[in-house]
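J.: How does the following fold in three dimensions:
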Amino acid sequence: MNDLRLEAARKRLAESRDQEDAIEGLREIVGNFLGSEEIGLFRVDPETANLRLFWSFGIGPEKYDLVRALGDAGLRRVMRGECHVDQAAREHSGARAKVQAFVPIRCANQTIAILGILRLLPQKVSFDSSDMELFKLLSDEAAEPLFGARAHSKLATEGPGVQA
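T.: Modelled structure (predicted):
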């Protein structure tokens with residue numbers, strides 16, 4: 001079953017027509033396969049290493065400081081290419097719920113963006129080993145469909161925005 005999810009996710013990303021379609025594909029993968037409709041995508045400025053919200057879905061970014069939720073040690077690990085998953089975050093509720101996972105989006109052995117996944121849908125209990133494989137797929141293969149040639153060059157200053 002997991003092989004089918006991985007292949008479907010890989011195909012959805014690879015067949016994206018443009019950045020907007022790739023972002024919609026990312027939303028579909030996270031919603032359908034990872035069980036969350038609250039996500040944010042942050043770009044990493046290669047010169048300053050600062051993070052900037054590039055796109056979000058299902059969250060009011062002004063209500064959440066997702067990057068601060070990761071903390072300095074977690075941010076360093078994600079910047080090195082490690083996924084950060086907080087299974088205990090499921091127990092928090094309300095407007096200040098913790099982030100469930102941070103997934104590095106990598107290109108040429110560098111983290112160029114970070115995907116933050118906030119709350120899981122009620123029917124999703126936690127992330128499992130097959131979800132970790134999906135995180136790895138997103139980390140390794142989402143940069144090109146999402147950012148194209150810009151994945152290799154200086155960042156654009158504007159993202160497609162926020163969808164609630």
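J.: Contact partners for residue 136?
T.: residue 83 (Cβ atoms under 8 Å, 6 or more residues apart in numbering). For the C-beta atoms, the positions are set from N, CA and C on the backbone; glycine is no exception.
J.: A strand includes residue 76, no?
T.: No - counting by DSSP: H, G, I helix; E, B strand; the rest coil, residue 76 falls outside a strand, being helix.
J.: burial of it, as a residue count?
T.: Other residues near residue 76 come to 11 when the count uses other Cβ atoms under 10 Å.
J.: Ok, the one 10 residues further on next?
T.: Residue 86 is flanked by 17 other residues according to other Cβ under 10 Å.
J.: Wait, it touches residue 117, no?
T.: No - between residue 86 and residue 117 there is no contact under Cβ atoms under 8 Å: 10.0 Å.
J.: okay, and the common contacts of these two?
T.: Common neighbours of residue 86 and residue 117 are listed as 99, 100, 101 (criterion: Cβ under 8 Å, 6+ apart).
J.: from memory residue 107 sits against residue 144, does it?
T.: Yes - taking contacts as Cβ under 8 Å, residue 107 lies within contact range of residue 144: 7.2 Å.
J.: returning to that earlier point: any chance of the shared contacts of residue 86 and residue 117 in CSV, with distance to residue 140 too?
T.: Below are those laid out as CSV (distance: Cβ to Cβ, whole Å):
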residue, distance to residue 140
99, 21
100, 20
101, 16
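J.: Which ChimeraX command selects the buried ones in the residues you listed?
T.: Typed into ChimeraX, the line below selects the buried ones among those, using 16 or more other Cβ atoms under 10 Å:
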select :99,100,101
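J.: Export the shared contacts of residue 86 and residue 117 to TSV and append columns for distance to residue 41, secondary structure and pLDDT.
T.: Formatted as TSV, those follow (distance: Cβ to Cβ, whole Å; DSSP: H, G, I helix; E, B strand; the rest coil; pLDDT from 0 to 100):
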residue	distance to residue 41	secondary structure	pLDDT
99	13	coil	74
100	15	coil	86
101	13	strand	92
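J.: Measure how buried the nearest residue to residue 70 once chain neighbours are set aside is and give me the count.
T.: Nearest residue to residue 70, sequence neighbours excluded (Cβ to Cβ, 6 or more residues apart in numbering): residue 102, at 5.5 Å. Neighbour count of residue 102, defined by other Cβ under 10 Å: 25.
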